[in-house]
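*Asks:* Fold the following and give me the result.
(one chain, ligands or ions: 1)
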Amino acid sequence: MTAALTLEGVTKRYGDFEAVRDLSFAVSKGSICGFLGPNGAGKTSTLRMILGLQPATSGRIDILGASDGRLVRDRIGFLPEERGLYKKMTPVEAIAFFGALKGLPIAEGKKRAKVMLEQQGLGASQKKKMKELSKGMAQKVQLIASVVHRPEFVILDEPFSGLDPMNQQGLEEMIRGLAADGATVLFSTHVMQHAERLCDKVVLLARGRKAFEGSVDEARSTSPRFLDLEGDITAEAAAALPGVANVETLADGRLKVALLPGAAGQETLKAAFLGGLDVRRFALKEPTLHDAFIGLTGDHPDQPAIREIAQ
Ligand SMILES: Nc1ncnc2c1ncn2[C@@H]1O[C@H](COP(=O)(O)OP(=O)(O)OP(=O)(O)O)[C@@H](O)[C@H]1O
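*Replies:* Here you go, the predicted model:
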């Protein structure tokens, strides 16, 4: 597959702090790639370098055949992490304005804006001012504004943040639609479930370094299956069972028993029953992307990176 984006050995330093180190990955044309990492991992810094909004300290970036995102800016759509459209404009005006910045004639921008707002269930809000819209609505409008010129490459920085579940689902559909129409999508998030549902590929970033690049299934398979055990069992007793890698006691007292690679769980359960352990309920579970993330990075995706905690 042809790559729409390639990074090779990209590093970003702010003073003597290295926010991104030796980062390499590629995104195939027409695919959806999730750029995952906790707050402070270096996602925004990387996206800004890809867009040409700030220079890399070292390394090489190729986007749509150009070495600087600014050279192909009209072919790129970008939703920044900081949101905000002119409050006094209507959604149609705001969308057409952003389209015009990318070379789209105003009249065409307005025409497309009306159709896209309708598709996103915002038809009734067309004549309101931006300041009268809810946060979720405004965010949808901003996303439409960033893609109204039909870019080949769409970069979305934390597009799901601040949206309720309904709007998150709507946004997922919108992202799928962009890819179905042939666009390449790269979005950053620290919410694994969105990436799990949407992405052809994920790149995991932890403290500025790439921890994983591959499909969601490949990421999941780096993590063991686990047994969810309920009963009067100590973590020590569970840890002594065959095929067990480690045991975590959950807040409600259940045990999350991670199995060794290749262990199916049946042997572990059999030994628990034969050993007379008080197992009242059990479930064998496949690892999620969230589990894989923790295993691969040692970070929790919802927690800031170590440096930020230490500050
Ligand atoms: N202009 C800057 N000057 C100095 N340090 C910076 C600058 N921009 C970012 N950083 C630092 O670089 C690190 C990576 O930040 P970045 O915003 O790229 O992370 P992120 O993964 O996008 O996090 P978030 O999800 O919170 O946006 C952080 O420790 C941040 O404090």
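*Asks:* what number of residues lie near Gly298?
*Replies:* 11 (other CB atoms under 10 Å). C-beta coordinates here come from the backbone N, C-alpha and C atoms, glycine included.
*Asks:* Quickly note the distance from the closest residue to it other than its chain neighbours to Leu23.
*Replies:* Excluding the flanking residues, the one nearest Gly298 by CB to CB, 6 or more residues apart in numbering is Ala206, at 7.2 Å. Separation of Ala206 from Leu23 (CB to CB, to the nearest Å) stands at 11 Å.
*Asks:* More neighbours: the two, which one.
*Replies:* Leu23 (24 against 21).
*Asks:* What residues are bridge-paired with that one?
*Replies:* Per DSSP bridges, residues listed as beta-bridge partners of Leu23: Val10.
*Asks:* what's near enough to touch the closest residue to Glu286 other than its chain neighbours?
*Replies:* Nearest non-adjacent residue to Glu286, counting by CB to CB, 6+ apart: Arg225, 5.8 Å away. Counting by CB atoms under 8 Å, 6 or more residues apart in numbering, Arg225 touches 259, 263-265, 284-287.
*Asks:* Restricted to buried residues, select the residues you listed in ChimeraX.
*Replies:* In ChimeraX, this line selects whichever of these come out buried by 16 or more other CB atoms under 10 Å:
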select :259,263,265,287
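*Asks:* out of the contacts of Arg225, which are inside helices?
*Replies:* Within these, no residue falls in helices by DSSP state H.
*Asks:* of the contacts of Arg225, closest to the ligand?
*Replies:* Comparing the contacts of Arg225 against the ligand with CB to the nearest ligand atom picks out Pro287 as the nearest, at 23.2 Å.
*Asks:* ok, that closest one touching Leu227?
*Replies:* No: Pro287 is not in contact with Leu227 according to CB atoms under 8 Å; the separation is 12.0 Å.
*Asks:* how close does the residue nearest to Glu286 get to the ligand?
*Replies:* 29 Å (CB to the nearest ligand atom, to the nearest Å).
*Asks:* Give the bridge partners for the residue nearest the centre of the chain, please.
*Replies:* Geometric centre of the chain, nearest residue: Thr189, 3.2 Å, by CA atoms, centre = their mean. For Thr189, the beta-bridge partners under DSSP bridges are Leu36.
*Asks:* Can you check the pLDDT for it?
*Replies:* pLDDT, Thr189: 90.
*Asks:* The ligand versus that one, what's the distance?
*Replies:* From Thr189 to the ligand the distance is 9 Å (CB to the nearest ligand atom).
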